[in-house]
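Q: I need the structure of the sequence given here:
(4 chains)
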Number of protein chains: 2
Amino acid sequence: MAVSEARPIKRPEALPTEVARLLRAAIEQGQFRPGEQLPTQQALGDTYGVSRSVIREAVSLLKSDGLVISQQGRGQFVNPEGSSVFRLDADIEDANSLPSLIEFLVSVESQAAGHAARRRTTAQLAEITQCLDALSAAIANQSDGIAEDLQFHRAILAATQNEYFIGFGDFLEARVRGLIRTARMNTARQDGLVYQVQQEHEAIHAAIAAQDAEAAQHAAQQHLQNAAARLRGYRANQTP
Amino acid sequence: MAVSEARPIKRPEALPTEVARLLRAAIEQGQFRPGEQLPTQQALGDTYGVSRSVIREAVSLLKSDGLVISQQGRGQFVNPEGSSVFRLDADIEDANSLPSLIEFLVSVESQAAGHAARRRTTAQLAEITQCLDALSAAIANQSDGIAEDLQFHRAILAATQNEYFIGFGDFLEARVRGLIRTARMNTARQDGLVYQVQQEHEAIHAAIAAQDAEAAQHAAQQHLQNAAARLRGYRANQTP
DNA sequence: TCGTTTGAACTTGTATGATAACCTGACACG
DNA sequence: CGTGTCAGGTTATCATACAAGTTCAAACGA
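A: Numbers count the residues shown, from 1 in each chain, chains lettered A, B, ... in the order given. Model (predicted):
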């Protein structure tokens, strides 16, 4: 067996990241209250024993998370509104959190399918239909159809006409679907699995075409749960 | 009427933010391909006409978004995996995106209620029950019950035993629910509205207690949609 | 007394140069 | 051919200086 675990070694965190972690912890533990002024960059540099540049980068990270606000000439403050951005770093590798992530993905996307069925324009339906056809063609051509599959799901998300579904689903798709696809390719290309998958796609499409939100939601949920099950089956075989 | 809109004036973006914006745009437009090496910090500083400090902070932001990877001694590269973090800055003030945000919130939380019903332990049910009782007590005491309301929904999220639902729901709760609550307080404290809300809460609780996922999902959806409707009604009156 | 102005002191933002840590590739050496 | 060494380039960090903005109180004038 080859050494497939030849991943780059994990480096120690850079200083600004580390300082940002400490500062964030201090804020979340209430060491600095919302709206309160933080120590000056100079002072922080002294307490942590690093230069002001490092402090600046660390604070800059917290600012981008909306946790801290700074004003030239005044100082730096804990955002009284609380963090205004949600940050999700999906660690696909972590086998423990993967089931939860997939469950979340299924929930969001099945709801999206429901909204899409309710709200899709005829143009959007045509778009989805076209994607489905492209997917069929890809299957007939023995190609992997990965790009087409992604496009199909994207088209459904677009039909929700909700920027949050589009953005969030897009992200989860990109992160999780890669896993599912490789699983599908490696398990069984020949034994009709692709046709089953395509049938699931067609069920979703039909429901959206009929503007049947309940059915669309259900079909999407079924499809994604099946995909997750296929992934689990593949993984179980890989790491005995 | 008081000047309640005493928000700090909008300043022009700081340099690092601006540079980060440009760099991100350049990457997303394919000007730098995934895996490709970016120009050196020195070179970037020259092209944008800013100092290396500014470039460093800008790149640091992109790094925290997982869009760029930098290695000491080697250079900076566009992350070939694509961005690994999802970033959502919910702009509550933007009236255009608010309906979409609420729809998203409803979708996620109603699904969460379903999972909670399916999976809650007896201890978690007890927790939820306790929150509901506390809410009743708050209503009887003429207190606003905001804290209790938040706790109630938090307890439901916790019962999903899914970190993503907990984290994401928590975030959306914190951002959106504030709006809904103020609306509720300002519209009608006397005309039995609080009792209707409490009945909706009780419906959710009952379904979770009965481990009826469908009913829980439905009750939560109903409750949140009603809340959104109440918010709309309030807003319509405010800004004629 | 009251309001205004002025300026010093402080804070964040930016620029600059230097040094340390690290990587790469070429070259000499065995 | 394999190996060690070294020069050059790159990022990481530090130190310092100055620019830009804020605060606050004292000085000033009516």
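
Q: C-alpha only now, for contacts and for neighbours.
A: Fine.

Q: Now the residue nearest the centre of chain A: closest residue in space, sequence neighbours ignored.
A: Per C-alpha atoms, centre = their mean, the C-alpha nearest to the average position across chain A is that of A:Leu172, at 2.8 Å. The shortest distance from A:Leu172 to any non-neighbouring residue, by C-alpha to C-alpha, 6 or more residues apart in numbering or on different chains, is to A:Leu105 (6.5 Å).

Q: now the helix or strand containing that neighbour, how far from the chain's geometric center?
A: In the assignment (DSSP states H and E), A:Leu105 maps to helix A:98-119. When distances are taken as C-alpha atoms, centre = their mean, to the nearest Å, helix A:98-119 is centred 12 Å away from the chain's centroid.

Q: Quick one: mean pLDDT over that helix.
A: Within the predicted structure, the mean pLDDT of helix A:98-119 is 89.

Q: Give me the buried positions along the helix or strand that that helix is followed by.
A: As assigned by DSSP H and E, the chain's next helix or strand after helix A:98-119 is helix A:122-140. Within helix A:122-140, the residues that count as buried by 16 or more other C-alpha atoms under 10 Å in any protein chain shown are A:124-125, A:127-132, A:134-136, A:138-139.

Q: again, but for stretch A:45-55
A: When neighbours are counted by 16+ other C-alpha under 10 Å, the buried residues of stretch A:45-55 are found to be A:45, A:52-55.

Q: Quick one: end-to-end length of that stretch, please.
A: Criterion C-alpha to C-alpha, to the nearest Å; first-to-last residue distance in stretch A:45-55 is 6 Å.

Q: Is DNA strand D within reach of it?
A: Yes: contact of stretch A:45-55 with DNA strand D is found when judged by C-alpha under 7 Å from any atom of the strand, involving A:49-54.

Q: Is it correct that A:Glu57 is in contact with A:Pro16?
A: Yes: look at A:Glu57 against A:Pro16 with C-alpha atoms under 8 Å: they come within range, at 5.8 Å.

Q: of those two, who's got more company?
A: Neighbours around A:Glu57 and A:Pro16, counted as other C-alpha atoms under 10 Å in any protein chain shown, are more numerous at A:Glu57. The numbers are 23 against 20.

Q: where does chain A dip in pLDDT?
A: Judged by pLDDT under 70, chain A has its weakly predicted residues at A:1-9, A:90-95, A:177-178, A:180-192, A:233-240.

Q: Check whether the lengthiest helix in it comes near chain B.
A: Ranked by residue count, the top helix of chain A under DSSP state H comes out as helix A:213-238. No: residues of helix A:213-238 contacting chain B under C-alpha under 8 Å from any C-alpha of the partner chain: none, with a closest distance of 11.5 Å.

Q: Go through that helix and flag the buried ones.
A: By neighbour count, with 16+ other C-alpha under 10 Å as the criterion, the buried positions of helix A:213-238 are A:213-225, A:227-228, A:230-231, A:234.
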